[in-house]
Structures are given as C-alpha cells and as structure tokens.
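Peer 1: model the structure of this input:
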Amino acid sequence: MIDFSSKFGRRVNRRLRQEKVIWLTTVDSHNTPQPRPVWFHWDGQTLLIFSEKNKAKLRHIARNARVALNFNTDEDGGDVAVLVGDAEILQEPTDPARVKTYLRKYREGIKELEMTVANFRDAYAVPILVTPQAMRGFVE
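Peer 2: This next block holds a predicted model:
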C-alpha cells in the first residue's frame, strides 16, 4: 500500500481527489509507451476509468496489466506525481454509488462532449480498475 501520510503523499492524495484528468500510460505490442489523458474516480485505494469498447488501451492492458499514471506538472515543470500499478478490465458491473460519483464529477465534461449521461454510459461501457503500487515525484 502507498503511504499517503508524508507531505508528498498528502499532496498526491489531494490531487487524486481533486484533479479531473490523469495520464494513463499503457504499453503496446512493440513495448512502446502509449500515454493518454483519461477521466477517473479515486476512492482512496483504486482509480476507476471507463473506456470505449475495442480501444487500444484495452488490448494493451489485456497483454500487460502494468500501467503508469501521472498528472500534468505546473507551468515550471514542478509538482510531479507518477503512480505505477496494475490495471484490470472489470468483467462485472462496478459499484453503482461509485459510478454515480464518477458521473457527477464529469457532468459538465459529458455535456461538452454533447452527450447525455445515458449516451456516455453506453459509449464508455468498459470499466478499468487501477490499483497503484508505488509513487514517485516531488513538490516544489
């Protein structure tokens, strides 16, 4: 389990609760890292991410579950946080309360995509659960 009690750990935990976008990096079949920004929900132990069906990240995770997550840095390249962990494509439905919280967090973003919540849930129907195992970075 990651220690969120240090100054750095508290900062990362706060960002996990507040940030709207995190970069998910998977590795393709040529061992090339493939970063992409994703929406997520942090419950204090895992990140829930939703994907459209048949996307490359799903194939990457099925082949290699090890992933990295990172936030954007500040404008000077500080406030670096990288999490490394394991991703799992969930086969069973996720906790409805957690999904509701995720959808509430991204209500405006879903509207900006010109989608309804129902459209979004149909399109982004594949849940991915990431369990961070380690973190590194620094706060300036």
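Peer 1: just want the most central residue of this protein.
Peer 2: Averaging the C-alpha coordinates of the chain gives a centre point, and the residue nearest to it by C-alpha atoms, centre = their mean is residue 40 (4.4 Å).
Peer 1: is it fair to say residue 109 lies in a helix?
Peer 2: Yes. Counting by DSSP: H, G, I helix; E, B strand; the rest coil, residue 109 is found in a helix.
Peer 1: what segments of this protein are helices?
Peer 2: Along the chain, counting by DSSP state H, helices occupy 7-18, 56-63, 96-105, 107-112, 117-123.
Peer 1: could you look over these and pick the most buried one?
Peer 2: Per-stretch averages of neighbours, counted by mean count of other C-beta atoms under 10 Å, single out helix 56-63 among those, with a mean of 17. Heads up, the C-betas are built off the backbone N, CA and C, glycines and all.
Peer 1: hmm, who's touching that one?
Peer 2: Under the contact criterion C-beta atoms under 8 Å, 6 or more residues apart in numbering, helix 56-63 has outside partners 24, 26-29, 34, 36, 51, 67, 87-89, 126, 128.
Peer 1: among these, which lie within strands?
Peer 2: Secondary structure from DSSP state E places 24, 26-27, 34, 36, 51, 67, 87-89, 126, 128 of the contacts of helix 56-63 in strands.
Peer 1: what's the PyMOL syntax to select whichever of the residues you listed are buried?
Peer 2: Buried residues among the ones in strands among the contacts of helix 56-63 (16 or more other C-beta atoms under 10 Å), as a PyMOL selection:
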select buried, resi 24+26+27+51+67+87+126+128
